[in-house]
Structures are given as C-alpha cells and as structure tokens.
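In: structure here, sequence nowhere to be found:
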C-alpha cells in the first residue's frame, strides 16, 4: 500500500492519498488539488475515487475539480444528497482500489451523512488497517454536534447519534486500527483536538476524554456544553460542497490598484484586508483596514470576521503574499478579491489616511493595572476555555468572534486588548478602529508574555475565580 498524509496548517486539515497496483483514492481533499495529482503520477497511480467523509463546513473541497481532471468517481455517504453525479455509499459497502478494500461505516453524529472509511490491504497479511474518520473521531476529541451540516437536528440529537456511532461501531474495532482524522488542533470542528496527526483505536480508548466510560445522557450533556463559536461562513461552505466548487482556474486574478482606485472600491463597500504581520500593521496601516495576518489561521478568521460575498482588497508585502491570501480565501469559499496593493507610502500619498496602532508591553500593562486607573480596562478576546484557564485579573472577556456585535459592552476610557500572543488582539484593534474606537492599545506578546513575566493570573472554575501567582 502506498500511503501519504497531506496536512494544511492554516485550516488544521488532513487529507490522504492511498494507492495499490496502479490505482489510488484521495480522501477529504483540500480545494487546490495539484499535489494529489502530482503525487499520484509520481507513484505511477491513477486516481480512481475521491471520497468525502461528509459535507465539510470549514473548508471548500476540491472533489469536483479532482474528478474532472482525473476521471475519478466522487463518493459521499448516501445521506449527503450531493447534487452532482457520485457514488452514494452505505454501511458495509466496499470499494476496491488495487489490492485495497475500503469499507464504509455510516457514522452520524458530527453530521447526519458522516462516514468513516476502513482501509485494508488484502495482500499484506497482518498489516494494520487504517480508519479515516473525517470529523467523527479526532485525536483526543470527537466532532462537534452543533454545526450546520446537521440542519433539522438539535445538537442534543446529534450528540446522541455520536454516542451510538462511537460505542456501537468505532470502539468495537481492533485496538491496533490506525486512526487518521480530517482535522487537528486549531480546527473549530472539535473542542480539544490534539496536535498529533494520527493515533490508534487503542490509544484513543485510553486518552480521549470523550471516549471515557459514561452514560449516553452524560455524554450528550458534555458534548453540548461550552462549544466554540460557529463561523458565519460554515453554512455557505456546506452548500458549495454539496454542489461541488468550480475549478480554481475559473477564478480571475485580482488587479493591482492605486490609491484612487482603492478609495472608489471602499466607497462601494469593499473591505481592505491587511495580511501583513501584527508588527507591520501596528507600524502603519490604512485607517479602517482589517488585520488578519498570513502567519496564523488566516482562512478560518477571515471566514469568521468577513461576510461571504464582500468585495476584498488585499494589502500585502509582495505579489506572492497576495497569491497566498487569494488561495487561502478560496479554500473557505471567498472568491471576491477585487484588487491588491503593496505600498503603504504610495497609498498615503494618494490620499488614504495611514495610522499607527498603540502598543503596550506586559510590564506597562501591569503598571497601569496596579495603579488602579478606573478608566482603564483589559479586554481579553480569546475563546472561553482559554480565558477560564488563566487571564489578567479583572479582564473583561469578549471572544473575538463575538466582538463586532458586542462593541456596546465595551467600557469608556482606555482599553488594552489581549489574546494569547497578539495575533487576535491585532484583529480586534482593526475592528474597533473600523467603528471609530481609536484609543485602544494592543498588548505585545499577549497572555503568553504576561505569564512569562511572572504576573498574577486568575482562573475561572465552576463560576468562582481563583488567583494564581506565577513564579
């Protein structure tokens, strides 16, 4: 068996190529598919099937383009109701790829149509079977039950189905079966995903919190509590995947824009998206631009903070960064980049206002905190679990994803925005600036720097706060 895992860090997404005797299958491909075609050709394999474990919500898949370019048949679980020609597979169905047997397990829970694929090499006696679990079973976690793929079902109903899937099917497999999910740490398709890229059924039984012995009722309660936000683009991507995305070659490349052209686009409702680093953004950016740096989980945050269909102008350091941003946006369903620019100085001379962001070190933040200024507040924009695990004393918690609709909750006076490292707080600075709130400060290094500096943190446990001195 030939086997290769492809991992896309920006979306914490794993996809797979398996082959045998000149034939191959791709499982859960990302939107840009050249790498699968090139690897298959290098290994002397012809792609026979493209299997989707479910209708992905967090990214646009390349199944349609991959099928059109290779002649491969697309495979979905029967309940997906995809609108293009495909094989609708059911529980127990077996597809053959060379000497490989690919057995379908219908595994509802994350979505109604979810499937897992068990791959067995019939020519290698004693070889480990590989289970491709999509978003059903992760390393250290299981898939969320509240996402848009489960239309018409409550999170509680889907969590109940997940419990049955796990305990009646997956956990009955041999402990040696290898587990390969569609996502790792950083994905919003689960709550506590591991950084590991693979595991075994036996390892997951030992260490996965969601697989510990418990009643179905306890499992449902656990899986439906403290869920992260659902990005607004998720429903859009489900429907794109149901009908199949158009080939990337059909997208027009954005044009370079001067200051006058940018100003006109902004008047028409375009968004200026600055993809440079947080330090570069702070040093000078077009007033009203939104910062989402390419150095982090760019695509997921773009989908969370920008409405699909919004005309976008990219500000980057180079044409290569523009191309990278366009590709990453396309991977989550954004195809409305209308132009780009790479010269702050030139744009400022053209009449666009350039401003700097106020920055503060954790030492300065501690000094302001201890002085007890009543007109000073720390706004923590991390997710709930992160905030509860330790934050600056008296910090106000407003997750970044919720910030645009909760601006009215911000107190008057000086605000210090903080996240884990400065990546998300930079985005928050842009959001506040776009709404005329220009007195906020960004905390350099975020909570990580605060803890490293030995300053006091507070943890939240069952509604009570506990102060911890870092030493």
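Out: Thanks, I have the structure now. Source: prediction; values computed, not measured.

In: can you read off the pLDDT for residue 375?
Out: On pLDDT, residue 375 comes in at 74.

In: count of residues packed around it?
Out: 9 (other C-beta atoms under 10 Å). (Glycine included, C-beta is placed from N, CA and C.)

In: mind listing what it touches?
Out: 412, 413, 414 (C-beta atoms under 8 Å, 6 or more residues apart in numbering).

In: so the first one: helix, strand or coil?
Out: Meaning residue 412. coil (DSSP: H, G, I helix; E, B strand; the rest coil).

In: so what's it up against?
Out: Taking C-beta under 8 Å, 6+ apart, one finds residue 375 in contact with residue 412.

In: show me where the stretch 301-450 of the chain dips below the pLDDT cut-off.
Out: Within the stretch 301-450 of the chain, the stretches with pLDDT under 70 are 343, 345, 373-374.

In: at which residues are the strands of it located?
Out: Listed in chain order, the strands of the stretch 301-450 of the chain (DSSP state E, counting those that start in this stretch) span 312-315, 337-341, 354-355, 358-360, 376-380, 396-397, 414-418, 441-443.

In: do the stretch 1-150 of the chain as well
Out: With DSSP E, counting those that start in this stretch as the criterion, the stretch 1-150 of the chain has strands spanning 2-8, 13-20, 23-27, 46-51, 73-77, 87-89, 94-97, 100-106, 115-121, 130-134.

In: most distant residue from the middle of the chain?
Out: residue 371 (39.2 Å; C-alpha atoms, centre = their mean).

In: gap between that residue and residue 455?
Out: For residue 371, the distance to residue 455 (C-beta to C-beta, to the nearest Å) stands at 14 Å.

In: doesn't residue 281 fall inside a strand?
Out: No. Assigned with three-state DSSP, residue 281 falls outside any strand and is helix.

In: so it makes contact with residue 355?
Out: No. Residue 281 is not in contact with residue 355 according to C-beta atoms under 8 Å; the separation is 10.3 Å.

In: the more surrounded of the two?
Out: A count of neighbours by other C-beta under 10 Å puts residue 281 above the other of residue 281 and residue 355, at 25 against 15.

In: check contacts around the closest residue to the more buried one other than its chain neighbours.
Out: Sequence neighbours aside, residue 291 is the residue nearest to residue 281 in space, at 4.4 Å (criterion: C-beta to C-beta, 6 or more residues apart in numbering). By C-beta under 8 Å, 6+ apart, residue 291 lies in contact with 274, 276, 278, 281, 285, 426, 427, 429, 430.

In: please name the nearest non-neighbouring residue to the second one.
Out: Spatially, and ignoring its direct neighbours in sequence, residue 276 is nearest to residue 317 (5.9 Å; C-beta to C-beta, 6+ apart).

In: number of nearby residues for the one you found?
Out: Residue 317: 15 neighbours (other C-beta under 10 Å).

In: now do residue 198
Out: Residue 198 - counted by other C-beta under 10 Å - has 14 other residues nearby.

In: just residue 34 next, same as before
Out: Neighbours around residue 34, by other C-beta under 10 Å: 12.

In: that older thread, is it true that the residue nearest to residue 276 touches residue 340?
Out: No. Look at residue 317 against residue 340 with C-beta under 8 Å: they stay out of range, at 10.9 Å.

In: helices along the stretch 251-400 of the chain, start to end?
Out: Along the stretch 251-400 of the chain, counting by DSSP state H, counting those that start in this stretch, helices occupy 259-267, 278-283, 298-305, 319-331, 344-349, 362-371, 384-389.

In: those helices into a markdown table, with extra columns for distance to residue 408?
Out: Putting the helices of the stretch 251-400 of the chain into a markdown table (distance: least, C-beta to C-beta, whole Å) gives the following:
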| stretch | distance to residue 408 |
| --- | --- |
| helix 259-267 | 25 |
| helix 278-283 | 25 |
| helix 298-305 | 18 |
| helix 319-331 | 30 |
| helix 344-349 | 32 |
| helix 362-371 | 24 |
| helix 384-389 | 20 |
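
In: for residue 20, find the nearest of the ones you listed.
Out: helix 319-331 (29.1 Å; C-beta to C-beta).

In: which other helices and strands contact that closest one?
Out: helix 298-305, strand 312-315, strand 337-341 (3 or more C-beta pairs under 8 Å, 6 or more residues apart in numbering; DSSP states H and E).

In: residues contacting the closest residue to residue 417 other than its chain neighbours?
Out: Using C-beta to C-beta, 6+ apart and skipping residues adjacent in sequence, the residue nearest residue 417 is residue 425, 4.2 Å away. By C-beta under 8 Å, 6+ apart, the contact list for residue 425 reads 381, 417, 418, 419, 442, 443, 446.

In: please report how far residue 233 lies from residue 64.
Out: Where residue 64 is concerned, residue 233 sits at a distance of 19 Å (C-beta to C-beta).

In: more crowded one of the two?
Out: residue 233 (26 against 23).

In: give me the nearest residue to the more buried one, chain neighbours excluded.
Out: Per C-beta to C-beta, 6+ apart, closest to residue 233 is residue 303, 3.6 Å.

In: next: residue 108.
Out: residue 161 (4.4 Å).

In: likewise for residue 200?
Out: Nearest to residue 200 is residue 178, by C-beta to C-beta, 6+ apart, at 5.6 Å.

In: pLDDT score for the one you found?
Out: Residue 178 is assigned 98 on the pLDDT scale.

In: neighbours around it, how many?
Out: 16.

In: how near is it to residue 50?
Out: 21 Å.

In: next one: residue 29
Out: For residue 29 relative to residue 50 (C-beta to C-beta), the value is 6 Å.

In: which residues are in contact with both of these two?
Out: 63, 66.

In: which one's more surrounded, those two?
Out: Legend: neighbour count by other C-beta under 10 Å for residue 29 and residue 50, higher for residue 50 (28 against 24).

In: from residue 67, how far off is the more buried one?
Out: Counting by C-beta to C-beta, the gap from residue 50 to residue 67 is 6 Å.

In: give me the common contacts of those two.
Out: With C-beta under 8 Å, 6+ apart as the test, residue 50 and residue 67 both reach 73, 74.

In: can you count the residues close to residue 215?
Out: Applying other C-beta under 10 Å, I find that residue 215 has 9 neighbouring residues.

In: can you check the pLDDT for it?
Out: The model's pLDDT for residue 215 equals 97.

In: and the helices in the stretch 101-250 of the chain?
Out: 155-168, 201-207, 216-223, 234-243.

In: nearest to residue 136, of those?
Out: Comparing these by C-beta to C-beta, helix 155-168 comes nearest, at 6.4 Å.

In: now do the closest one against strand 115-121: the angle between them, please.
Out: Computed by axes from the mean of the first three to the mean of the last three C-alpha atoms, to 10 degrees, the angle separating helix 155-168 from strand 115-121 equals 20 degrees.
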